[in-house]
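*Asks:* Just need the structure, nothing else, for what follows:
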Amino acid sequence: MSTSLGLPKLNNIKIRNKLLLLYIFCVFLPIVLSNYLFYSKITQTVKKEEQRNLELSLERLDNQLTRTFKEAEALSNNIYFSQSFYEGLDKTYLDNLDYTMNYSSYFRTPLIGVTPYFQYRFTINLYTDNPTVLNAGNVLRLTSAVTTSPWYPQVFNANSSNGDMIYFGREVTLDGERLFSVIRTLDYYTSYSQYQKILKIDIQYNVLKDILKSESSLGQFFLVDDHNRVIYTNSAEQQYLAVFNPDHIPKKQFTMTKQINTFDSINGFRIIGVYEESVFQKALEQPKKYVVIMAMANLLFATILIILISRSLYFRTRLLSRHMDKVEIQHFALIEYPHVGKDEIGLLFRSFNRMLRKIKQMINDVYEAELRQKDFELASKQAELMALQSQVNPHYLFNVLETIRMKSVIKGELETADILSYMSKTYRRSLTGNREWVTVKEELEMIKEFLAIQKYRFEDEIDYELEVEENTLSLYIPGMIFQPFVENAFKHGIQGLDHQGLVSIRVYEEQNFLVFHIEDNGIGIKPEKLDQLLEDVRAKEPSLNRIGMQNVFRRITLFFKDQFEFNISSKEHEFTSIELKIPRCMRNPSEGFDKS
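*Replies:* Sure, this is the predicted structure:
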């Protein structure tokens, strides 16, 4: 009920306005809304992905720092459990030469063995209070400067369960570089206890610096200890060992933290990343550009399509309306617009033109019917006069032929009499009536009479063969469809040959068709003339040179439509053959076509 109430209102809206409403509610708004939702979803996905990338950057820093600390631990363990270091540090040397001679075996070679790839990442120092060693290379004396350094007391206060290994990150070198050191006493072999022995492994500053710098493109990173003091950072503004205060982070920045738990002696060490909130906006720039481009492309395509469809509908409906207005004033002009299309409006165009043609045809039929009626009345009167005249001359000519034939019989000229008899019979047929349908037997009788006349005329110069299947004689065919071909075979084929001409005629059945085949051994036809002959025979306009054959072809087409075959083949100076294949007719079609 609501649909029926709403349709009249919609029908009152112009097509252009309907398309505009369709565009707004079914194209523009859905595209804008879908792209907005799509962009919102992409924003959430990109933010999650970017946040995951930042987390991965912290994990990478954690892994690199952990790997570095583990390498320092492994190096410390290698030295801690190597006996040669204990022997070298605990031995009392005779003099400096004795120490120098033993330095390589006790220290240099073992160090090369335990540090195959660590030498460029760490600085190894062995401290001892042995007075006989030289204070040089990797072996240093425990001087007052060393024992008063900040890290020295920490060696004896360590609570680590891992071989008294400790970490210390507060020392600054003379070059101003900060150190992160692994320090432990060498007390594994208790038999070497004559002198105090301390191992100190410094992680080179550029190693930690490069680790933090590797992720600097994403933000600023701070390595802080358990007291929230900054040990290392890639920020030039942050002071060393200053307390990290998250309240000093600008509003447009945010932080992410990753806990480091590498050793027992390190608890609470963290990596803090400080990032700009614009990192999300930068990540969204490309998707945003794609969404905008896609939305604009969709809108542009839809707009152009709606405009084209609107113009197509509006222009053609207006054109159809104007031609309908012309019909009201009896101006039946067809719509000649070449681009009517194949849609419903194009169908209306064609239906309108078809209606106009029928109206004009009906008008012409009525007008022509009136003219034919008048012509028929006039022709009827003329036919009556001509019929009276034609009843005299043919009968007179027939009587003359009969008189000559009887005279020839009386004189004994029987051959001449037979020919005159054939001519009389032929002429009598023209008098008794022109039937449309005859039997094959009747057609062949007329052909035989024609062949006898030709044989009488040319004697031994020509001959003919006639082969007819008995069951074809009772079939019906249109009158005079075989005889013109026989006549052409004599007239254009074998007449005037320097050898005996032969015409062969065959009539037989093939499936449901009657076949008439005629062939002569005459002069033949040139290929180009044969093509022209076939074209003339099949032409709709009559040709003066092909009246007989063209008449037969048109009559056959009239009777049998396209249910027949007609072929001509020829070779110059050798032969010409014609084959006509028509449907079998076992009864006179004028009385009703035989279903078989």
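
*Asks:* quick one: the strands in the stretch 51-200 of the chain?
*Replies:* In the stretch 51-200 of the chain, the strands defined using DSSP state E, counting those that start in this stretch lie at 122-128, 139-141, 166-168, 180-185, 197-203.

*Asks:* and these as JSON lines, adding distance to Leu451?
*Replies:* Just so you know, the C-beta spots here come from the backbone N, C-alpha and C atoms, and that holds for glycine as well. Below are those laid out as JSON lines (distance: least, CB to CB, whole Å):
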{"stretch": "strand 122-128", "distance to Leu451": "129"}
{"stretch": "strand 139-141", "distance to Leu451": "143"}
{"stretch": "strand 166-168", "distance to Leu451": "134"}
{"stretch": "strand 180-185", "distance to Leu451": "131"}
{"stretch": "strand 197-203", "distance to Leu451": "129"}
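
*Asks:* which of those strands has the lowest average pLDDT?
*Replies:* Mean pLDDT is lowest for strand 166-168 among these, at a mean of 55.

*Asks:* Throw the strands of the stretch 51-200 of the chain into a markdown table and include mean neighbour count and distance to Glu443, thanks.
*Replies:* Shown next, in a markdown table, are those (neighbours: other CB atoms under 10 Å; distance: least, CB to CB, whole Å):
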| stretch | mean neighbour count | distance to Glu443 |
| --- | --- | --- |
| strand 122-128 | 19 | 125 |
| strand 139-141 | 18 | 139 |
| strand 166-168 | 22 | 128 |
| strand 180-185 | 22 | 126 |
| strand 197-203 | 22 | 124 |
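
*Asks:* For Ala242, find the nearest of those.
*Replies:* When the strands of the stretch 51-200 of the chain are compared by CB to CB, strand 180-185 sits nearest Ala242, at 16.6 Å.

*Asks:* what about Phe269, how many neighbours?
*Replies:* Phe269 sits with 20 neighbouring residues when counted by other CB atoms under 10 Å.

*Asks:* tell me the contacts of the closest residue to it other than its chain neighbours?
*Replies:* Closest residue in space to Phe269, ignoring its immediate chain neighbours: Ile260 at 4.3 Å, by CB to CB, 6 or more residues apart in numbering. Counting by CB atoms under 8 Å, 6 or more residues apart in numbering, Ile260 touches Asp62, Leu65, Thr66, Ile266, Phe269, Arg270, Ile271.

*Asks:* and the gap between Ile260 and Ala74?
*Replies:* Separation of Ile260 from Ala74 (CB to CB, to the nearest Å) stands at 17 Å.

*Asks:* these two touch, right, Leu533 and Ile568?
*Replies:* Yes. Counting by CB atoms under 8 Å, Ile568 is a contact partner of Leu533 at 6.8 Å.

*Asks:* So for these two, which residues contact both of them?
*Replies:* Taking CB under 8 Å, 6+ apart as the criterion, Leu533 and Ile568 both touch Ile525.

*Asks:* for the stretch 101-250 of the chain, what are the low-confidence residue spans?
*Replies:* Under the criterion pLDDT under 70, the flagged ranges of the stretch 101-250 of the chain are 115-120, 156-179, 236-241.

*Asks:* for this protein, where's the lowest mean pLDDT among helices and strands?
*Replies:* Least confident helix or strand of the chain, by mean pLDDT, DSSP states H and E, is strand 166-168 with a mean of 55.

*Asks:* buried ones in the host helix or strand of Ile211?
*Replies:* For Ile211, the host element (DSSP states H and E) is helix 205-213. Neighbour counts over helix 205-213 (16 or more other CB atoms under 10 Å) mark Tyr205, Val207, Leu208, Ile211, Leu212 as buried.

*Asks:* Also stretch 581-588?
*Replies:* Neighbour counts over stretch 581-588 (16+ other CB under 10 Å) mark Lys581, Ile582, Pro583, Arg584, Cys585 as buried.

*Asks:* Sort out which one of these lies nearest Pro30 for me.
*Replies:* Distance to Pro30 across the buried residues of stretch 581-588 (CB to CB) is lowest for Pro583, with 65.0 Å.

*Asks:* Can you classify Lys251 by secondary structure?
*Replies:* What DSSP: H, G, I helix; E, B strand; the rest coil gives for Lys251 is coil.

*Asks:* And the residue nearest the centre of the chain, how close does it get to Lys289?
*Replies:* The centroid of the chain falls nearest to Phe301 when counting by CA atoms, centre = their mean (19.5 Å). For Phe301, the distance to Lys289 (CB to CB) stands at 18 Å.

*Asks:* Do you have the helices of the stretch 401-550 of the chain handy? List them.
*Replies:* All helices of the stretch 401-550 of the chain, identified by DSSP state H, counting those that start in this stretch, fall at 414-432, 440-458, 483-488, 527-538, 547-560.

*Asks:* what's the burial count for Ser191?
*Replies:* By other CB under 10 Å, 9 other residues sit near Ser191.

*Asks:* what packs against the helix or strand containing Ser34?
*Replies:* Assigned by DSSP H and E, Ser34 falls within helix 29-80. Contacts defined by 3 or more CB pairs under 8 Å, 6 or more residues apart in numbering; DSSP states H and E place helix 29-80 against helix 109-114, strand 122-128, strand 180-185, strand 197-203, helix 205-213, strand 253-260, strand 269-276, helix 278-328.

*Asks:* CSV please, covering those and showing distance to His492.
*Replies:* Formatted as CSV, the helices and strands packed on helix 29-80 follow (distance: least, CB to CB, whole Å):
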stretch, distance to His492
helix 109-114, 121
strand 122-128, 120
strand 180-185, 122
strand 197-203, 120
helix 205-213, 109
strand 253-260, 109
strand 269-276, 105
helix 278-328, 56
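
*Asks:* could you check the angle strand 180-185 makes with the helix holding Ile211?
*Replies:* 130 degrees (axes from the mean of the first three to the mean of the last three CA atoms, to 10 degrees).

*Asks:* other SSEs contacting helix 205-213?
*Replies:* Here helix 205-213 touches helix 29-80, strand 220-224, strand 230-233, going by 3+ CB pairs under 8 Å, 6+ apart.

*Asks:* Output it as PDB, nothing but the C-alphas.
*Replies:* What follows is helix 205-213, C-alpha atoms only, in PDB (Å, rounded to 0.1, in the frame of the first residue of the first chain):
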ATOM      1  CA  TYR A 205      81.800   3.800  25.200                       C
ATOM      2  CA  ASN A 206      81.300   3.700  21.400                       C
ATOM      3  CA  VAL A 207      79.700   0.200  21.700                       C
ATOM      4  CA  LEU A 208      76.900   1.400  23.900                       C
ATOM      5  CA  LYS A 209      76.700   4.700  22.000                       C
ATOM      6  CA  ASP A 210      76.300   2.800  18.600                       C
ATOM      7  CA  ILE A 211      73.600   0.500  20.100                       C
ATOM      8  CA  LEU A 212      71.500   3.500  21.200                       C
ATOM      9  CA  LYS A 213      72.300   5.400  18.000                       C
END
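
*Asks:* residue ranges with poor pLDDT in the stretch 301-450 of the chain?
*Replies:* Scanning the stretch 301-450 of the chain for pLDDT under 70 picks out 332, 336-340, 369, 372-434.
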